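[1] Below is the structure, and that's it, no one-letter string:
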């Protein structure tokens with residue numbers, strides 16, 4: 001399945017993230033106005049809905065009910081994934097990564113021969 005990640009114009013709707021699953025693609029949208037520090041969390045939250053196999057599509061906003069168990073689960077997933085990525089990035093901060101190696105690859109402990117660029 002192809003994952004398409006992009007920014008979306010939301011106007012005043014308050015929408016921060018979007019997950020739409022189709023037969024061959026999964027669309028992940030992040031509000032264009034989202035602060036750079038918040039973008040990863042929004043993406044991780046939407047991926048949480050997907051990985052936790054929550055049914056349907058999701059449009060998340062500041063007004064989304066915090067009592068919805070699926071939203072709570074997606075939030076916990078996002079926080080745990082973000083902590084894992086930060087820990088991995090910190091572990092590899094002192095090393096000079098090969099060209100093209102991302103913090104996300106480093107966070108998951110990917111080996112050089114498994115992440116060769118090109």
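    Received it, and whenever you're ready, just let me know what you need. Please read these numbers as outputs of a predicted model, since none were measured by experiment.

[2] What residues does residue 58 make contact with?
    The contact partners of residue 58, by Cβ atoms under 8 Å, 6 or more residues apart in numbering, come to 17, 18, 19, 46, 49, 74. Using the backbone N, CA and C atoms, a C-beta is placed for each residue, glycine as well.

[3] Model confidence for the last one, exactly?
    Residue 74 is assigned a pLDDT of 91 by the prediction.

[4] That one reaches residue 52, doesn't it?
    Yes - here residue 74 reaches residue 52: they are 6.7 Å apart, a contact under Cβ atoms under 8 Å.

[5] Just the strands from the chain, written as ranges.
    Using DSSP state E, the strands of the chain run over residues 2-8, 15-21, 25-31, 58-61.

[6] Reformat those strands as CSV; add mean pLDDT and distance to residue 80.
    Shown next, in CSV, are those (pLDDT from 0 to 100; distance: least, Cβ to Cβ, whole Å):
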stretch, mean pLDDT, distance to residue 80
strand 2-8, 87, 20
strand 15-21, 87, 17
strand 25-31, 89, 18
strand 58-61, 76, 17
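
[7] With distance to residue 41 as extra columns, can I get these in JSON lines?
    Shown next, in JSON lines, are the strands of the chain (distance: least, Cβ to Cβ, whole Å):
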{"stretch": "strand 2-8", "distance to residue 41": "14"}
{"stretch": "strand 15-21", "distance to residue 41": "9"}
{"stretch": "strand 25-31", "distance to residue 41": "10"}
{"stretch": "strand 58-61", "distance to residue 41": "11"}
